[in-house]
Every structure is written in structure tokens, then in C-alpha cells.
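> Predicted model follows, preceded by the sequence.
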Amino acid sequence: MTTTGHERSAIRAMYAGPGRASWLSTIWAVKAGKRLARRAATAMFLLGTGIALRRLRLMLVLLALAAIVLAGCGGEGGNGEAAAAAAPVSGVSEVAATDNQFTPAAIQVPAGTTVTWRFQDRFVPHDVKGDGFASGEPQRSGSFAHTFDRPGTYPYRCTLHAGMDGRVVVTVS
Ligand SMILES: [Cu+2]
């Protein structure tokens, strides 16, 4: 049986006396300590990320629940419908999509007006879809504009949220 270089140096270290052995074990302890500290830091970081993600997920769940509750409160002839059925606000050409509703839900503008919807529900995307106009992909921010050239009543809605609807009444200019 032959001994490898490693084994030989290990044996030498064993017989080198207490001085050398404790010096080696000190180095080993420092190295192990550093390794442990590094591993602990990584674990803390991962734990932190996990908590942040869990918190974000919880927030999304709460928002979704709030949306469901709001939609539930709406029910028949509730929130959304009532808002959309309300007398249209005139002198306004901007509509905000916030808190899962369009504000104002109903506006009245003269023909030729460009109406701009602003998406302001940072966590919840919305869109605008009516007969002849659509914003496309749901958005969390940014805006969508459409020019209404012909008089008439244009109902629209957000395709993602039941009861999130509005109306543009276009009068003869
Ligand atoms: Cu929506």
C-alpha cells in the first residue's frame, strides 16, 4: 500500500507537534467561519427575497379579493352600471382607469373630440373596448386615445373586470 502526497502531509501535520497543529486548526477555523458567514449571508438574502415575493403575492391576492368584493358589491345595477348610467360629465375629455373603474364613467363631448384614457392602477392592468375602438393589450400605465367623429352614444368596458364600464356621449359639434 502506498501513501499519497496528501496523506503524507496529513501524517506530517499530525506529528508536527501541538504548535503547528493548533496553527493549522486556527487557519481551518477561520476559513470555516468565513465559509459559514458567506453561506449565512446567502441564506439571509434568499430568505429576504422569499419574504418579499410572498409579500408581493399576498398583496396581489388582497387586490384580487378587493376587486372581487367591489365587483360583488356592484352586482345587479351596482357600482359600474350605476356609474355608467349616471348623467355624463361634459367639458372633460380624459378618463382615468383607477381602482377598477373609469372616472368619470360617463362623459359627453362634441364630435371631433379626442378622448384619452389614462391607465393608473399600477398593479392592475386594464383596457378599453367599445364598438369601433379598442386599446388592445391591457395596460398598467400609459394611455389610449380615440377621436370620436360621429355623434352617438358609445358604451365601452374593460374586458378584464366585470362591471368596469363607461360611456362616451358624442354630441353634434
Ligand atoms: Cu379593468
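Nice, I can see it. Just so it is clear, the structure is predicted and the values come from calculations on it, not from any experiment.
> Confirm residue 40 sits in a helix?
Yes - checked against DSSP: H, G, I helix; E, B strand; the rest coil, residue 40 lies within a helix.
> Tell me the residues of the protein that contact the ion?
Counting by C-beta under 5 Å from the ion, the positions of the chain adjacent to the ion are 126, 158, 160, 161, 164. For glycine as for every other residue, the C-beta is placed from the backbone atoms N, C-alpha and C.
> so which of those residues comes closest to residue 140?
Nearest to residue 140, judged by C-beta to C-beta, of those is residue 126 at 8.1 Å.
> Count the neighbours of the closest one for me.
Neighbour count of residue 126, defined by other C-beta atoms under 10 Å: 24.
> Who does it form a beta bridge with?
Applying DSSP bridges to residue 126 gives these bridge partners: residue 139.
> can I assume it is in contact with residue 118?
No - using C-beta atoms under 8 Å, residue 126 is not in contact with residue 118; the gap is 10.1 Å.
> shared neighbours of these two, which are they?
residue 97 (C-beta atoms under 8 Å, 6 or more residues apart in numbering).
> which one is residue 120 nearest to, not counting chain neighbours?
residue 98 (4.6 Å; C-beta to C-beta, 6 or more residues apart in numbering).
> repeat for residue 173
Take residue 173 and drop its neighbours on the chain: the residue closest to it by C-beta to C-beta, 6+ apart is residue 110, 3.8 Å away.
> May I have the beta-bridge partners of the one you found?
Bridge pairing for residue 110 - DSSP bridges - gives residue 171.
> Not counting its neighbours along the chain, what's nearest residue 146?
Here the residue nearest residue 146, using C-beta to C-beta, 6+ apart, is residue 133, at 4.3 Å.
> quick one: low-confidence ranges for this protein?
Where the chain drops to pLDDT under 70, the residues are 1-30, 33, 42-43, 45-84.
> How is it divided into domains?
Domain assignment of the chain by automatic domain parsing yields the ranges 5-73, 79-171.
> what about the helices in the chain?
5-15, 18-74, 79-85 (DSSP state H).
> ok, back up a step: buried ones among the residues of the chain next to the ion?
The neighbour count (16 or more other C-beta atoms under 10 Å) marks 126, 158, 161, 164 as buried among the residues of the chain next to the ion.
> In strands, which of those residues appear?
Among those, no member is found in strands (DSSP state E).
> Mind putting the residues you listed into a markdown table with distance to residue 144?
Shown next, in a markdown table, are those (distance: C-beta to C-beta, whole Å):
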| residue | distance to residue 144 |
| --- | --- |
| 126 | 10 |
| 158 | 11 |
| 161 | 16 |
| 164 | 14 |
